[in-house]
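Q: Model the following, please.
(2 chains)
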Number of protein chains: 2
Amino acid sequence: MSVAVSPLAPKSYPDMPALRGVRMATAAAGIKYKNRTDVLLMVFDKPASVAGVFTKSKCPSAPVDFCRANLGGGAARAVVVNSGNANAFTGLKGKAATELTAKSAAAAVGCSEGEVFLASTGVIGEPLDASKFAGVLGDMNVRAEADFWQEAAKAIMTTDTYPKVASRTAEIGGVIVTINGIAKGAGMIAPDMATMLSFVVTDADIEPAALQALLSAGVGPTFNSVTVDSDTSTSDTLMLFATGAAAEDGQVKVTNADDERLSGFRAALNDLLKDLALQVVRDGEGARKMVEVTVTGAENDAAAKKIALSIANSPLVKTAVAGEDANWGRVVMAVGKSGEMADRDRLAIWFGGVRVAVNGERDPNYSEAETSAVMKLEDITVKVDIGLGQGTATVWTCDLTKEYVAINGDYRS
Amino acid sequence: MSVAVSPLAPKSYPDMPALRGVRMATAAAGIKYKNRTDVLLMVFDKPASVAGVFTKSKCPSAPVDFCRANLGGGAARAVVVNSGNANAFTGLKGKAATELTAKSAAAAVGCSEGEVFLASTGVIGEPLDASKFAGVLGDMNVRAEADFWQEAAKAIMTTDTYPKVASRTAEIGGVIVTINGIAKGAGMIAPDMATMLSFVVTDADIEPAALQALLSAGVGPTFNSVTVDSDTSTSDTLMLFATGAAAEDGQVKVTNADDERLSGFRAALNDLLKDLALQVVRDGEGARKMVEVTVTGAENDAAAKKIALSIANSPLVKTAVAGEDANWGRVVMAVGKSGEMADRDRLAIWFGGVRVAVNGERDPNYSEAETSAVMKLEDITVKVDIGLGQGTATVWTCDLTKEYVAINGDYRS
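A: As a prediction, this is how the structure comes out:
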């Protein structure tokens, strides 16, 4: 198991400001690891609006079922996240574990179990001993503080090599609001929601339905456009909470996602979601290179995205990137296997700024040296023009390295 | 680039009998490699019935286009196969190369260009210098002999570590007929036809339409049920030729695939196709273990196959197998991401004969030692019962190893 920090990790971390209305604490409950924090408690002292998007897996984890059921209530007082055990494929025991955790959290925070949200990450199929939470949540609620985002991000890591945090500000009707988010990822990362665990909180005052609409729209070009290994987790969870504390500064509550006052907030939220999603890719298991794949000229945007994902998920494309080989023939292969409309003789392909193929064959001006220089970079862009229509999409992935195989051949995750 | 023979290679090779009506020769035309055979010529002295199935790629190679166009004629006199260059994504030059090759072959053998079939394998995007064939095909036709199957199989290898051959006999109306086949595979192997190059010849006397029906039906549970890396080649080609020489022994020509006299032939053909397909998987790039995935109890057979392929293509399942880790949680993940109907709490999973999960959780009698012993085997079976319906499917794959990454990170294929 690789322990060094990914070479693609951000060179610096943003300051994560405290955010009014939410407090956090972490603890070492001994779920799987000894002597490392493995539980995160987020407390909203007043009920926060809540929105969520979850894995499309037909075999979701017990916490995903639990959150979906509570989402209708629209209000959150507590979030409990643990690493070390996904509480997935644990049968009736899994459901019992979520109920016991929610009961413990509700007692600790002083709320109803319907206001508790849960997420678990780690090994699948092992029963989760939720009684371990009961002993720590009460104390965590007492200790929880607002200026704790970096620690919170660390507590939910599994094979992640660095904590993932992002912060943005926006204006709603003249009032400045803040959005903070954390995420964990690393492996079992693919679209079809939401590819990992991520928790985003804002002090804006926004009603649950509007918050859900913002989140559902924001996830498409961000978390649903990244893939590490095409494998979709049973536990993928992305939640957005609005504490409403900005009402103290005079922000008038927003009830509709189409409200014009949200334009800046929407942009800031989407930018933060993209930031977190790309951090997940940059920490893909074994990743040494980040790849941005853009498809233009497809029949429509959906076709463009399917083609882009076919390229981004191709083991042969990803190993070629790992080997710094500008193997555009494999890009053609991946376009062809996507099943979407394509005309071999209209394709054009670029690596970085270098056009390597045009009109269905190698570019007459192709320069091996120039292309090789592009492939040596840490961040590589692949662009494919299908030449048929107006559809475009961009997705992000990383290379497929021997380290990915080593990490996943050794680790019972 | 790994050069050692796959540890999963057959322990012994079958004798490949000469087959009446077809002669073969190989030559070193210097397409890419020096001093190795890279061209195969098959000659049918009398026109053979012909059937074919090809890649479903939207960006097929020029030879695939060429074969599809000629298939309607129903008759074959010559097949030219080269390794070292796939003549794919070569634009108008690619079409010109197929035309020049066909012209050279027609002149050498004395047939029309419509009776020539072509296949190319190797690097994509490099122009193929077809003039090199002109110099060798005439001599090859003179040298071509019937007892040449092993050499033929060797000539079409790329990253294959062993030649793939199979032979069967069957009875049609009391007359014994033979079926011989060769294949090449290794990487860029996935269903959606036909995952590699394979040429099968029989001396049976069967009309083209019946032959096509037999082949189209036979490919589903064989070549279309194997996957190495989920990547579909631009060049996948499987062709079946019937020389009709068995007519000399009194075999009455078969004109309809539903003819009862074909029952033995159909079984022998399907068995041979499966044999060749599994040889392709056993030579998957970097493969150290062969995995048979069987899904039962799915909504229907198509759903079962989709689930089975989701398991067989999952990088996390395949790396777990490489690491000899009975990580059934990843099997659950792959079932869930397939999109097909599944109920987490009805799933049961077996590795080898050991049931590891039942009723949506770990089997109460789960034995880590017993399961670990299964994972150390070279041939591993994974069985999943969905518990919902009667749909079943079996597919085959290999593990994902560091060698796969090494082979494909270094080789411009």
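Q: tell me the pLDDT at residue A:193?
A: Per-residue pLDDT puts residue A:193 at 29.
Q: With residue A:341 instead?
A: pLDDT, residue A:341: 85.
Q: so who does it touch?
A: Taking C-beta atoms under 8 Å, 6 or more residues apart in numbering or on different chains, we find residue A:341 in contact with A:298, A:299, A:303, A:386, A:388, B:58. Placement of C-beta: from N, CA and C, glycine included.
Q: so it sits in a strand?
A: No - checked against DSSP: H, G, I helix; E, B strand; the rest coil, residue A:341 lies outside a strand; its state is coil.
Q: Could you give the average pLDDT over the longest strand that chain A contains?
A: The longest strand of chain A (DSSP state E) is strand A:39-54. Average pLDDT, strand A:39-54: 95.
Q: in its sheet, what does that strand sit against?
A: Strand A:39-54 pairs in its sheet with strand A:22-27 (antiparallel), strand A:75-85 (antiparallel), strand A:237-242 (antiparallel), by DSSP bridges.
Q: Out of those, indicate the one that is most buried.
A: Stretch with highest mean neighbour count among the strands paired with strand A:39-54: strand A:237-242 (a mean of 28; mean count of other C-beta atoms under 10 Å in any protein chain shown).
Q: which secondary structure elements does the helix or strand that that strand is followed by contact?
A: Following strand A:237-242 in sequence order, the next helix or strand is helix A:263-282 (DSSP states H and E). Contacts defined by 3 or more C-beta pairs under 8 Å, 6 or more residues apart in numbering or on different chains; DSSP states H and E place helix A:263-282 against strand A:164-172, strand A:175-184, strand A:197-202, helix A:208-219, strand A:290-298, strand A:391-398.
Q: To residue B:98, which of the ones you listed lies closest?
A: Checking these against residue B:98 by C-beta to C-beta gives strand A:290-298 as the closest, at 27.0 Å.
Q: since we're on the closest residue to residue A:210 other than its chain neighbours, how many residues are nearby?
A: Spatially, and ignoring its direct neighbours in sequence, residue A:210 is nearest to residue A:257 (4.3 Å; C-beta to C-beta, 6 or more residues apart in numbering or on different chains). As a burial measure, residue A:257 scores 18 neighbours (other C-beta atoms under 10 Å in any protein chain shown).
Q: and residue A:257, what does it touch?
A: Residue A:257 touches A:209, A:210, A:211, A:213, A:214, A:217, counting by C-beta under 8 Å, 6+ apart.
Q: try 10 Å this time
A: Residues in contact with residue A:257 (C-beta atoms under 10 Å, 6 or more residues apart in numbering or on different chains) are A:206, A:207, A:209, A:210, A:211, A:212, A:213, A:214, A:215, A:216, A:217, A:266.
Q: Now a PyMOL select for only the buried ones of the residues you listed.
A: Applying 16 or more other C-beta atoms under 10 Å in any protein chain shown to the contacts of residue A:257 leaves a buried subset, and the PyMOL line that selects it is:
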select buried, chain A and resi 206+207+210+211+212+213+214+215+266
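Q: which one among the contacts of residue A:257 gets closest to residue B:278?
A: residue A:216 (45.0 Å).
Q: how many degrees apart are the helix or strand of chain A with the lowest mean pLDDT and helix B:402-410 in direction?
A: Ranking every helix and strand in chain A by mean pLDDT, DSSP states H and E puts helix A:402-410 at the bottom, with a mean of 79. Put simply, helix A:402-410 runs at 170 degrees to helix B:402-410, going by axes from the mean of the first three to the mean of the last three C-alpha atoms, to 10 degrees.
Q: Could you figure out how far helix A:402-410 is turned away from strand A:391-398?
A: 70 degrees.
Q: Can you name the residue of the stretch 1-150 of chain A nearest to chain B?
A: Residue of the stretch 1-150 of chain A nearest chain B, by C-beta to the nearest C-beta: residue A:124 (2.7 Å).
Q: mind listing what that residue touches?
A: Residue A:124 neighbours (C-beta under 10 Å, 6+ apart): A:59, A:61, A:85-90, A:188, A:233-235, A:412-413, B:327-333, B:357, B:362.
Q: Out of the residues you listed, which sit inside helices?
A: B:328, B:329, B:330, B:331, B:332, B:333 (DSSP state H).
Q: what's the farthest-apart pair in the residues you listed?
A: Top of the distance list for the ones in helices among the contacts of residue A:124 (C-beta to C-beta): B:328 and B:333, 9.7 Å.
Q: higher neighbour count, the two?
A: Neighbours per residue (other C-beta under 10 Å) separate residue B:328 from residue B:333, with residue B:333 holding more: 30 against 26.
Q: Check the gap between that one and residue A:294 for me.
A: 29 Å (C-beta to C-beta, to the nearest Å).
Q: ok, now residue A:174?
A: 37 Å.
Q: next one: residue A:99
A: 46 Å.
Q: what does residue A:184 give?
A: Taken as C-beta to C-beta, the span from residue A:184 to residue A:294 is 27 Å.
Q: In terms of packing, which of the two has more residues around it?
A: Neighbour tally, residue A:184 and residue A:294, criterion other C-beta under 10 Å: the higher count belongs to residue A:184, 26 against 18.
Q: Residue A:45 against residue A:115, yeah?
A: No - contact between residue A:45 and residue A:115 fails when scored by C-beta atoms under 10 Å: they sit 11.8 Å apart.
Q: before we move on, back to that, who touches both of residue B:328 and residue B:333?
A: A:89, A:124, B:317.
Q: one step back: for burial, what's the neighbour tally of the nearest residue to the residue of the stretch 1-150 of chain A closest to chain B once chain neighbours are set aside?
A: The shortest distance from residue A:124 to any non-neighbouring residue, by C-beta to C-beta, 6+ apart, is to residue B:329 (2.7 Å). Number of residues near residue B:329 (other C-beta under 10 Å) recorded here: 27.
Q: ok, residue B:329 touching residue A:87?
A: No - Residue B:329 is beyond contact range of residue A:87, at 11.3 Å (criterion: C-beta under 10 Å).
Q: Between the two, which contacts overlap?
A: Common neighbours of residue B:329 and residue A:87 (C-beta under 10 Å, 6+ apart) are A:122, A:123, A:124, A:125, A:126, A:234.
Q: For those, give me a markdown table that also has pLDDT and distance to residue A:146.
A: Putting these into a markdown table (pLDDT from 0 to 100; distance: C-beta to C-beta, whole Å) gives the following:
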| residue | pLDDT | distance to residue A:146 |
| --- | --- | --- |
| A:122 | 81 | 27 |
| A:123 | 78 | 32 |
| A:124 | 78 | 34 |
| A:125 | 80 | 36 |
| A:126 | 83 | 34 |
| A:234 | 76 | 32 |
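Q: hmm, which two among the residues you listed are most spread apart?
A: A:126 and A:234 (13.0 Å).
Q: The two: which has the busier surroundings?
A: residue A:234 (29 against 21).
Q: How about the more buried one: what's its closest non-neighbour residue?
A: residue A:88 (4.2 Å).
Q: so the one you found touches residue B:332, yeah?
A: Yes - here residue A:88 reaches residue B:332: they are 7.2 Å apart, a contact under C-beta under 10 Å.
Q: what sits in contact with each of these two?
A: A:57, A:59, A:61, A:124, A:125, A:234, B:344.
Q: Comparing residue A:45 and residue A:115, which shows the higher neighbour count?
A: The neighbour comparison of residue A:45 against residue A:115 (other C-beta under 10 Å) goes to residue A:115, with 23 against 16.
Q: And the contacts of residue A:341, which of them are buried?
A: The buried subset of the contacts of residue A:341 (16+ other C-beta under 10 Å) comprises A:298, A:299, A:303, A:386, A:388, B:58.
Q: List the beta-bridge partners for the first one.
A: In other words, residue A:298. residue A:391.
Q: Serialize the strands paired with strand A:39-54 to JSON lines and add fields for distance to residue A:151 and mean pLDDT.
A: Below are these laid out as JSON lines (distance: least, C-beta to C-beta, whole Å; pLDDT from 0 to 100):
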{"stretch": "strand A:22-27", "distance to residue A:151": "5", "mean pLDDT": "96"}
{"stretch": "strand A:75-85", "distance to residue A:151": "13", "mean pLDDT": "93"}
{"stretch": "strand A:237-242", "distance to residue A:151": "18", "mean pLDDT": "93"}
